[in-house]
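>>> only geometry, no sequence info:
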């Protein structure tokens, strides 16, 4: 073993001696140095030249894209799922994660759940008030889930007599149906209702003695309205105008009372409503209630909720 080690050391010494001799000769001659550089450049060219697989261009030249916008405010927010909870008495909070056990949520004495919205911290929430105004709220700025939250009145400028009608996540490009207890309403582009100010934006004009009562996503071709008199009317969505602000047109005619609820649905899929127990029902035979805008309507099908409500709008 000692002999083998001695032989290995001898070979290594000879190789190092030869390398030292070569390096000394290289340092002593400028011509040899430039020749070495030329040889190394040629070797790199042979390995990475344009004719080789590694050397071929993988990108192309093009014009820079125009109109690219980056929302710096959103980019600085960590995206996390939250469940935004609004109580009947106007307390608002954001609970981390998408909650499914809503029955376990705690509220102040005498209060209960009004809306629970699944969102992301980067989302903008829209609150529609009985005064016909829309208010924008950043989901990341809402109070946390510990405790009961804070009254939404502390976050926006809203009249004491006004209340929340609907709360939902802003979806750019969508359209909304808005209506008041007077029975008037219209369609508005959702992008037109967003205003990042505490005063919000007036969209539905409400007269004294009336208030906004409906805000529904336009996802269909037909409108269903029901009055306090428990008369149901269905008519085509195209009979409603689209406008950024106003009182709107009459949806249903009433002898007594006013509008109780309205929704948008797909005629071919039927009218869907949810009863007090949370069960969903679909009415596909619509002939008895189908008509034109501003008619009186007829009594709803058997089993329709006594609350005169179609259920969730978003």
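Alright, I've got the coordinates. From a predicted model like this one, the values you see are computed outputs, not experimental measurements. Numbering: from 1, shown residues only.

>>> And the residue nearest to residue 252 when sequence neighbours are not counted, which helix or strand is it part of?
Distances taken as CB to CB, 6 or more residues apart in numbering place residue 225 nearest to residue 252, at 4.7 Å, with adjacent residues excluded. C-beta: built from backbone N, CA, C; applies to glycine. Using DSSP states H and E, residue 225 falls within strand 222-227.

>>> Now find how far off-centre that strand is within its chain.
Chain-centre distance of strand 222-227: 26 Å, with CA atoms, centre = their mean, to the nearest Å.

>>> Could you give the average pLDDT over that strand?
The average pLDDT within strand 222-227 is 98.

>>> pLDDT weak spots in the stretch 101-250 of the chain?
Regions of the stretch 101-250 of the chain meeting the criterion pLDDT under 70 are absent.

>>> Recalculate using a threshold of 90.
101-105, 144-147 (pLDDT under 90).

>>> Residue 194 contacts residue 136, doesn't it?
Yes. Contact status for residue 194 versus residue 136: in contact at 5.3 Å, counting by CB atoms under 8 Å.

>>> Now for the two: what residues contact both?
Residues touching both residue 194 and residue 136 (CB atoms under 8 Å, 6 or more residues apart in numbering): 124, 126, 170.

>>> Using CSV, lay out the residues you listed together with distance to residue 29.
Formatted as CSV, the shared contacts of residue 194 and residue 136 follow (distance: CB to CB, whole Å):
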residue, distance to residue 29
124, 73
126, 80
170, 75
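
>>> tell me which of those residues is nearest to residue 184?
Taking CB to CB as the measure, residue 184 sits nearest to residue 126 out of those, at 20.8 Å.

>>> Pretty sure residue 270 sits against residue 284.
Yes. Using CB under 8 Å, residue 270 is in contact with residue 284, at 3.8 Å.

>>> Of the two, give the one with the bigger neighbour count.
residue 270 (14 against 9; other CB atoms under 10 Å).

>>> who's in contact with that one?
Going by CB under 8 Å, 6+ apart, residue 270 touches 282, 283, 284, 286.

>>> rerun that using 10 Å as the cut-off
When contacts are counted by CB atoms under 10 Å, 6 or more residues apart in numbering, residue 270 touches 222, 281, 282, 283, 284, 285, 286.

>>> Pick out the most distant pair among those residues.
Checking these with CB to CB, the most distant pair is 222 and 281, at 16.6 Å.

>>> If you count surrounding residues, which of the two has more?
Neighbour totals were compared for residue 222 and residue 281, and residue 222 leads with 21 against 15 (other CB under 10 Å).
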